[in-house]
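Peer 1: pasting a predicted model and its sequence here:
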Amino acid sequence: MRLPPADSELGKLMATLPRAGRVEWIGLRPQRDVAMQVVDSAVAEAGRGLVGDRYGSGSGKRGVTLIQAEHLPAIAALAGIDGIAPATLRRNVLVAGIPLVALKGRRFRIGEVLLEGTGDCDPCSRMEAALGPGGYNAMRGHGGLCARILEGGALRVGDPVVAVAD
């Protein structure tokens, strides 16, 4: 994603975030079609992914997947269900308090880890089974963000999520 020049009016607006976010939940997908493992912390490897995650062996742009906590009620409402556990959506990190869309194309930190938002994390066909008929469409526009790991380290539940000035 190409961002507007930092000194432009739009660039200034896009760089201004009201506050830092916070990691609320972390999950790893050890293999395809197995339950998520909920963890309190994970190790991120630069250029790869999260240790213990099926995409941890060099997925590049999809090293970490994030979803916004504030979107879970919207997805549930659109799917016609009462609520959704984060593991159901099969993303690695649930973040609250910061708009993930604002991190697309930007660098940001979660704890020790430096990431770069690479693009939307579109839903997969598995959401039909997970959320019921229409689950795929219920998640469209709410699927979260994929990120590349630029500097590895630990990320933990409770860590701040902060945009980094370029």
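Peer 2: Structure received. All values derive from a computational prediction rather than experimental measurement.

Peer 1: tell me the secondary structure for the most centrally placed residue in the chain?
Peer 2: Using C-alpha atoms, centre = their mean, the residue of the chain that lies closest to the mean C-alpha position is L66, 0.8 Å off. Using DSSP: H, G, I helix; E, B strand; the rest coil, the three-state assignment for L66 comes out as strand.

Peer 1: with P133 as the reference, measure out to it.
Peer 2: According to C-beta to C-beta, to the nearest Å, L66 stands 26 Å off from P133. C-beta here means a position set from N, CA and C on the backbone, and glycine is covered the same way.

Peer 1: F108 is in what secondary structure piece?
Peer 2: Here F108 is covered by strand 107-110, with elements defined by DSSP states H and E.

Peer 1: show me what that strand is packed against.
Peer 2: When contacts are defined as 3 or more C-beta pairs under 8 Å, 6 or more residues apart in numbering; DSSP states H and E, strand 107-110 sits against strand 113-120, strand 160-163.

Peer 1: hmm, who's touching stretch 73-81?
Peer 2: Applying C-beta atoms under 8 Å, 6 or more residues apart in numbering, the set of residues contacting stretch 73-81 from outside is D82, G83, I84, L89, L131, G132, G134, G135, N137, A138, M139, H142.

Peer 1: what's the burial count for the second one?
Peer 2: One way to gauge burial is a neighbour count; for G83, by other C-beta atoms under 10 Å, it gives 10.

Peer 1: I'd like to know how far it sits from V39.
Peer 2: Using C-beta to C-beta, G83 is found at 21 Å from V39.

Peer 1: same question for the first one.
Peer 2: Here the criterion is C-beta to C-beta. By it, D82 lies 26 Å from V39.

Peer 1: who does the nearest residue in space to I98 that is not next to it in sequence form a beta bridge with?
Peer 2: Nearest in space to I98, with sequence neighbours left out and distances taken as C-beta to C-beta, 6 or more residues apart in numbering, is G21 at 2.9 Å. Here G21 sits in beta bridges with V161, as judged by DSSP bridges.
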